[in-house]
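Asks: below are the sequence and a predicted model; questions follow.
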Amino acid sequence: NAGVTQTPKFRILKIGQSMTLQCAQDMNHNYMYWYRQDPGMGLKLIYYSVGAGITDKGEVPNGYNVSRSTTEDFPLRLELAAPSQTSVYFCASNGRGGGETQYFGPGTRLLVL
Amino acid sequence: AQKITQTQPGMFVQEKEAVTLDCTYDTSDPSYGLFWYKQPSSGEMIFLIYQGSYDQQNATEGRYSLNFQKARKSANLVISASQLGDSAMYFCAMREATTGNQFYFGTGTSLTVIP
């Protein structure tokens, strides 16, 4: 059981470049999330999705886009990368039940220079 | 207002001693869940323990227990018999039934276990 997978693990981008962070889960979860975690800080919600075709903004959506065409996949798109987007990005998923914990991917470390 | 507040940025504990990490929450939803996660220096987020708002007893999972005081809106994590491997960041989180889409996370507490 792979759980939540993320690729790549690490990436260096130049200012102005774009990239897509991949996230997939094999637990048939409806809810999926993207967070960013800056050094020494907590998690900030970027975008989330409650099912295929449905996405919504979180706390810090500017500079990012998402899509959810399938239950399994929830890619995060960075357009015109900026140094402020240097962070660790976590994808997470959970089921509908109130007691269901979030399962996290291993994270993608992004450096924008 | 912050949904989850963790007021201890850093804590130290002697190996084999118990330690309490504080968490208070803010919600008007009668149905909610409280979660604790551990993030070691390697970076992954590890689920530790869950407490439902209607649970009558405090949750326990091995050396972890959750001291749930509903009237005070606190959900403190107690780690008994601390081990060196417990050194990590610890995050408290809440999920409300009415806004079940989102988890609200605290800013975390860094725990260092001293040999």
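Replies: Noted; the coordinates are in hand.
Asks: dihedrals phi and psi, the residue in chain B that chain A sits nearest to?
Replies: Chain A sits closest to residue B:45 of chain B, with a gap of 3.9 Å, by C-beta to the nearest C-beta. Every residue, glycine included, has its C-beta placed from N, CA and C. Main-chain dihedrals, residue B:45, degrees, to the nearest 10: phi -100, psi 120.
Asks: which residues touch it?
Replies: By C-beta atoms under 8 Å, 6 or more residues apart in numbering or on different chains, the residues touching residue B:45 are A:90, A:92, A:102, A:104, B:37, B:38, B:39, B:91.
Asks: possible to save those residues as JSON lines with secondary structure, distance to residue B:105 and neighbour count?
Replies: Below are these laid out as JSON lines (DSSP: H, G, I helix; E, B strand; the rest coil; distance: C-beta to C-beta, whole Å; neighbours: other C-beta atoms under 10 Å in any protein chain shown):
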{"residue": "A:90", "secondary structure": "strand", "distance to residue B:105": "11", "neighbour count": "26"}
{"residue": "A:92", "secondary structure": "strand", "distance to residue B:105": "11", "neighbour count": "25"}
{"residue": "A:102", "secondary structure": "coil", "distance to residue B:105": "10", "neighbour count": "24"}
{"residue": "A:104", "secondary structure": "strand", "distance to residue B:105": "11", "neighbour count": "24"}
{"residue": "B:37", "secondary structure": "strand", "distance to residue B:105": "8", "neighbour count": "25"}
{"residue": "B:38", "secondary structure": "strand", "distance to residue B:105": "13", "neighbour count": "21"}
{"residue": "B:39", "secondary structure": "strand", "distance to residue B:105": "11", "neighbour count": "21"}
{"residue": "B:91", "secondary structure": "strand", "distance to residue B:105": "5", "neighbour count": "26"}
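Asks: residues from chain B in reach of chain A?
Replies: Residues of chain B lying close to chain A by C-beta under 8 Å from any C-beta of the partner chain are B:31-33, B:35, B:37, B:43-45, B:47, B:50, B:52, B:91, B:93, B:95, B:97, B:100-103, B:105-108.
Asks: contact partners for residue 19?
Replies: Looking at chain A here, since you left the chain open. A:11, A:13, A:77, A:78, A:81.
Asks: the chain in question should be chain B.
Replies: Residue B:19 neighbours (C-beta under 8 Å, 6+ apart): B:11, B:13, B:78, B:79, B:82, B:111.
Asks: buried ones among the residues you listed?
Replies: Neighbour counting by 16 or more other C-beta atoms under 10 Å in any protein chain shown classes B:11, B:13, B:78, B:79, B:82, B:111 among the contacts of residue B:19 as buried.
Asks: of the contacts of residue B:45, closest to residue A:73?
Replies: residue A:92 (13.9 Å; C-beta to C-beta).
Asks: nearest residue to the closest residue to chain B within chain A in space, please, no chain neighbours.
Replies: Nearest residue of chain A to chain B: residue A:104, at 3.9 Å (C-beta to the nearest C-beta). Spatial nearest neighbour of residue A:104, excluding adjacent residues (C-beta to C-beta, 6 or more residues apart in numbering or on different chains): residue B:45 at 3.9 Å.
Asks: just residue B:7 next, same as before
Replies: residue B:22 (5.7 Å).
Asks: same check on residue A:69?
Replies: residue A:52 (6.5 Å).
Asks: also residue A:95?
Replies: residue A:29 (5.3 Å).
Asks: measure the one you found to residue A:13 for me?
Replies: According to C-beta to C-beta, to the nearest Å, residue A:29 and residue A:13 sit 29 Å apart.
Asks: strands along chain A, start to end?
Replies: A:4-7, A:10-13, A:19-25, A:31-37, A:43-51, A:54-57, A:64-66, A:76-78, A:87-94, A:103-104, A:108-112 (DSSP state E).
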